[in-house]
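# Please find the sequence and the predicted model below.
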Amino acid sequence: MPSRPAPRRPASSPPPREVRIIAGQWKRTKLPVADRPGLRPTMDRVRETLFNWLGQDLEGWRCLDAFAGTGALGFEAASRGAAEVLMIERDATLRAGLESVKARLSADAVQVLSTDALRWMQRAAPARFELVLLDPPFDAGVFDAALAAAAPLLVDGGLLYLEADRRLDDEAQLAALSLLPHRHGSAGSVHYHLFRRAAADSVAPRSPA
């Protein structure tokens, strides 16, 4: 009896052509998704979970959206009241898209910076942000380096979000960076983490002045 052919693996779903801001002043606003290598916008349900963890109101927070891509994370933060959102994106096409959305929304709190996100974080002044958002291309292999570069940029009690292709829970690594695991979830091959910057006298992001 002839053997059956091996089942065909389903093709991976193509990235969406657009994503939507979930809540805040720009709720339901569409953000275009360019056809660029490695671009993988954070899924709506993952973003919804993240901002449920963070709380719906980010009034006054200073945020860094490194590896910004579509800007879905950073614009979501700005939509929910963040006072400052610095987006870093070195791809010229993606950067132009971010600038276009910023202009369309009159998003004065958003600044788009054209540089290498990892190098910028490694040289930046410490204790500047209440929230750092990291969603690097999975094939870049920079998860550990990005985590190490981003941790010092947080104020005491600040929060760091990271998407990766595996769970990052090495206790020694996190302790060396003064990071505490706060939340973790997964969706398919994506692991999303929320860490808190340890501080003896703080358990939450400080209230902006």
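Structure's in. What do you need? Residues are numbered from 1 along each chain as shown.
# All the helices of this structure, in order from the start?
With DSSP state H, the ranges of helices along the chain come out as 44-54, 72-79, 92-105, 117-123, 143-150, 171-176.
# What are the buried residues along the fourth one?
When burial is assessed from 16 or more other C-beta atoms under 10 Å, helix 117-123 yields the following buried residues: 117-118, 120-121. C-betas here are computed from N, CA, C, even on glycine.
# for that helix, packing partners?
Secondary-structure packing of helix 117-123 (3 or more C-beta pairs under 8 Å, 6 or more residues apart in numbering; DSSP states H and E): strand 62-66, helix 143-150.
# got it, and the third one?
In terms of contacts (3+ C-beta pairs under 8 Å, 6+ apart), helix 92-105 is packed against strand 30-32, strand 110-113.
# Okay, and the beta partners of the one residue sitting closest to the centre of the chain?
The residue lying closest to the centre of the chain (C-alpha atoms, centre = their mean) is residue 133, at 3.2 Å. Counting by DSSP bridges, residue 133 forms beta bridges with residue 65, residue 161.
# Quick check: it touching residue 61?
No: using C-beta atoms under 8 Å, residue 133 makes no contact with residue 61, being 11.2 Å away.
# Need the overlap of contacts for the two.
Here residue 133 and residue 61 have residue 77 as joint contacts, going by C-beta atoms under 8 Å, 6 or more residues apart in numbering.
# Point out where this structure drops to low pLDDT.
By pLDDT under 70, the weakly predicted segments of the chain are 1-16, 37-38, 200-209.
# just to revisit the earlier point, using TSV, please lay out the helices and strands packed on helix 92-105 together with distance to residue 187 and mean neighbour count.
Below are the helices and strands packed on helix 92-105 laid out as TSV (distance: least, C-beta to C-beta, whole Å; neighbours: other C-beta atoms under 10 Å):
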stretch	distance to residue 187	mean neighbour count
strand 30-32	19	16
strand 110-113	26	19
